[in-house]
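Peer 1: Take a look and give me a structure for this.
(4 chains)
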2 protein chains.
Amino acid sequence: MGNISQPSYHHGNLRRVIIDAALQAIGESGPAGWSLRELARRAGVSHAAPAYHFGDKQGLLTAVAAEGFAMFADALESAAADVWEVGVAYLRFALDHRPYFEVMFRPELYRVDDPSVQSAHQRAADVLITSAHSLSPGPEHDRTTTVAAWSLAHGFTTLWLSGALPESTDGDPEALARSMIRLVFGALAGGSAPGEDRTGSRR
Amino acid sequence: MGNISQPSYHHGNLRRVIIDAALQAIGESGPAGWSLRELARRAGVSHAAPAYHFGDKQGLLTAVAAEGFAMFADALESAAADVWEVGVAYLRFALDHRPYFEVMFRPELYRVDDPSVQSAHQRAADVLITSAHSLSPGPEHDRTTTVAAWSLAHGFTTLWLSGALPESTDGDPEALARSMIRLVFGALAGGSAPGEDRTGSRR
DNA sequence: CACCCTAGCTTGACATTGACAAGATGGCGA
DNA sequence: TCGCCATCTTGTCAATGTCAAGCTAGGGTG
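Peer 2: Modelled structure (predicted):
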């Protein structure tokens, strides 16, 4: 048969299969454009099978968000060595893993208080806070700088994804993001150029 | 009865009533936490009445988005006299009219190609583009500045609304927004302080 | 003033959905 | 070999979006 198994019972890894089906469905029609029953159909199982693993739809989306934030934190941590690249990594994650991203920042879709979600979210936040820290022109501006950096990255990412930016904004989003970061924080940090790693130079 | 009329037929302004009910419902449980039938119940009409005016759920949300973008454009235009206040107006609109905002930037919820949506959206975009223009350190940075300003405003707004910012970020969002704008674009524009109106100082 | 025409609403129906309860199955440990 | 229980299925229910068809009243027409 060559097939990766299709027994009626004890599917084996149904949980993963459903999550993957959800991600694909989200990619096709957004985080609300599908039903649990449709995922079950795609996975070739009965209509109530998904509920066993996730309780309800919110439970499934909570699993997606948790996984997403974990991957997000990993991506940010990998880029953290070069502070000027963290913002770009933020954008790239959203582009590469759009379905995850579309769930993650929609708190009403899942259970925000879920422990696995919270810990991964915190891990991602830590990278952002640390990075922004080294971009700040002085301790009294730390908080403002952090929120500004975060907002810039998040704002550009979501605007790009939603297609709300003016038509003139075409081309390579990563390149545009890089010039934004250089423009804004280059002036701020007082001339220290991207490429020079300023991590740890303060604090 | 003192009641503003409740005839069975020819309600009179049902369209408006349904939109208002939708806005309230969105405020209570997000843009997806309610049903057309529930709105009909709240309005005291039959379950299919809303469909007459809006076609379907997407039609209703399209009407909300169109109205929202129109109000948004008005708000931005009112603030446009002082360039440094446009970003704050962006935020304030979202805070004051959250239900509108939550629909507006979720294109999958409504018909983006609707003419009334598009024209209002364009009007809002124009204000943002013009404002950012006068913040740019030079013509070669116009596009980057525009997108940066837009992203900063939008990012901070949506992060604030979603509650994704670190707990340390409390207090008055408008004040924080103002210091962000001053910090980022103050350095950029080369020392011209907020308060001094630079509109028109460049082309 | 009688008529009717149609915008505005209602009634009825249908497939689909999320959620729950109860039953079936089969791999694994004792 | 046997029983247990995690995993999945089957059956069911109320709620929903959407469509089709019917009803009603109020303004325009004669």
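Peer 1: Can you give the domain ranges for chain A?
Peer 2: When chain A is parsed into structural domains using automatic domain parsing, the resulting residue ranges are A:11-55, A:66-188.
Peer 1: Could you identify which of these is most buried?
Peer 2: Highest mean neighbour count of these: domain A:66-188, a mean of 19 (counted as mean count of other CB atoms under 10 Å in any protein chain shown). C-beta here means a position set from N, CA and C on the backbone, and glycine is covered the same way.
Peer 1: Kindly check the end-to-end length of it for me.
Peer 2: End-to-end distance of domain A:66-188 (CA to CA, to the nearest Å): 34 Å.
Peer 1: and the helix or strand hosting residue A:103, how far from the chain's centre?
Peer 2: Counting by DSSP states H and E, the element that carries residue A:103 is helix A:98-104. Taking CA atoms, centre = their mean, to the nearest Å, one finds helix A:98-104 lying 6 Å from the centre of the chain it belongs to.
Peer 1: that older thread, switch the domains of chain A over to a markdown table; also include distance to residue B:34 and mean pLDDT.
Peer 2: Output for the domains of chain A, formatted as a markdown table (distance: least, CB to CB, whole Å; pLDDT from 0 to 100):
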| stretch | distance to residue B:34 | mean pLDDT |
| --- | --- | --- |
| domain A:11-55 | 13 | 95 |
| domain A:66-188 | 12 | 93 |
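Peer 1: Reformat these as JSON lines; add distance to DNA strand D.
Peer 2: What follows is those, written out as JSON lines (distance: least, CB to the nearest atom of the strand, whole Å):
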{"stretch": "domain A:11-55", "distance to DNA strand D": "3"}
{"stretch": "domain A:66-188", "distance to DNA strand D": "16"}
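Peer 1: closest to chain B out of these?
Peer 2: In terms of CB to the nearest CB, the element of the domains of chain A nearest to chain B is domain A:66-188, at 2.4 Å.
Peer 1: any bit of the closest one sitting next to DNA strand C?
Peer 2: No - using CB under 7 Å from any atom of the strand, domain A:66-188 stays clear of DNA strand C, with a minimum separation of 11.9 Å.
Peer 1: and that domain with chain B, contact?
Peer 2: Yes - Domain A:66-188 comes into contact with chain B (CB under 8 Å from any CB of the partner chain), by way of A:105-108, A:112, A:121, A:125, A:129, A:137, A:141, A:143-148, A:150-159, A:162-166, A:168-169, A:176, A:179-180, A:183-184, A:187-188.
Peer 1: So which residue is smack in the middle of chain A?
Peer 2: The centroid of chain A falls nearest to residue A:101 when counting by CA atoms, centre = their mean (4.1 Å).
Peer 1: Contact partners for that one?
Peer 2: Residues near residue A:101 by CB atoms under 8 Å, 6 or more residues apart in numbering or on different chains: A:68, A:72, A:93-94, A:157, A:161.
Peer 1: Can you show me the helices along chain A?
Peer 2: A:14-29, A:36-43, A:49-54, A:57-79, A:86-96, A:98-104, A:115-133, A:142-162, A:173-188 (DSSP state H).
Peer 1: what inclination does the last one have with respect to helix A:142-162?
Peer 2: Read that as helix A:173-188. 160 degrees (axes from the mean of the first three to the mean of the last three CA atoms, to 10 degrees).
Peer 1: next one: the fifth one
Peer 2: On the basis of the same axes, to 10 degrees, helix A:86-96 is oriented at 30 degrees to helix A:142-162.
Peer 1: Just name whatever secondary elements helix A:86-96 is in contact with.
Peer 2: helix A:57-79, helix A:98-104, helix A:115-133, helix A:142-162, helix A:173-188 (3 or more CB pairs under 8 Å, 6 or more residues apart in numbering or on different chains; DSSP states H and E).
Peer 1: Which strands or helices does the longest one pack on?
Peer 2: In this structure, helix A:57-79 packs against helix A:14-29, helix A:49-54, helix A:86-96, helix A:98-104, helix A:115-133, with contacts taken as 3+ CB pairs under 8 Å, 6+ apart.
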